[in-house]
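Student: how would this look folded up:
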Amino acid sequence: MPEPATGVFTLEDLRSMLRVDDADELTESTVDKEFEYLGYDSLAKYELISQLVRRHGIQISEETMVHLHTPRQAIDHINSLLAAASDNAVRS
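Tutor: Residues are numbered from 1 along each chain as shown. The predicted structure is shown next:
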């Protein structure tokens, strides 16, 4: 069962979802580098989408994920989705 969509999604959260043996480690100094440069391919991004559904119950379309080029962009977008889900839960 997914965890409630609350809180802040962090670099550590992203790191825990993107485990790729050949990829560079995600750090504050690499957060603005493109995923592909860091060694994360499209399959890693799709795994992230799957993890977000399972862990938090939020969805990111494949089309949107294609436009998220850096870890920071992904984190910012995920946080906006979590905030929207939290707002919707409060209104319900």
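Student: can we go C-alpha only for contacts and neighbour counts from here?
Tutor: Will do.
Student: Surely A74 is in contact with T64?
Tutor: No. A74 is beyond contact range of T64, at 9.7 Å (criterion: Cα atoms under 8 Å).
Student: Neighbour count: the two, which is higher?
Tutor: Taking neighbours as other Cα atoms under 10 Å, A74 and T64 compare with A74 leading, 23 against 10.
Student: roughly how far apart are that one and I58?
Tutor: A74 sits 13 Å away from I58, taking Cα to Cα, to the nearest Å as the criterion.
Student: same question, D24
Tutor: Counting by Cα to Cα - D24 and I58 are separated by 26 Å.
Student: who has more neighbours, the two?
Tutor: I58 (19 against 14).
Student: List the single closest residue to that one in space, sequence neighbours excluded.
Tutor: In space, and not counting its chain neighbours, I58 is closest to L52: 5.8 Å by Cα to Cα, 6 or more residues apart in numbering.
Student: what does Q51 give?
Tutor: Nearest to Q51 is M17, by Cα to Cα, 6+ apart, at 6.5 Å.
Student: Can you give me every residue that contacts the one you found?
Tutor: Counting by Cα atoms under 8 Å, 6 or more residues apart in numbering, M17 touches E47, L48, Q51.
Student: top of these by neighbour count?
Tutor: Most surrounded of the contacts of M17: other Cα under 10 Å gives L48, at 21 neighbours.
Student: so it touches L18, yeah?
Tutor: Yes. The criterion here is Cα under 8 Å, and L48 meets it with L18 at 6.4 Å.
Student: Could I have the CA atoms of the helix or strand hosting S16 written out in PDB?
Tutor: S16 belongs to helix 11-17 when elements are defined using DSSP states H and E. C-alpha atoms of helix 11-17 as PDB (Å, rounded to 0.1, in the frame of the first residue of the first chain):
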ATOM      1  CA  LEU A  11      17.600  13.800  -3.000                       C
ATOM      2  CA  GLU A  12      18.000  10.800  -0.600                       C
ATOM      3  CA  ASP A  13      14.500   9.600  -1.600                       C
ATOM      4  CA  LEU A  14      15.500   9.900  -5.300                       C
ATOM      5  CA  ARG A  15      18.700   8.100  -4.600                       C
ATOM      6  CA  SER A  16      16.900   5.200  -3.000                       C
ATOM      7  CA  MET A  17      14.700   4.800  -6.000                       C
END
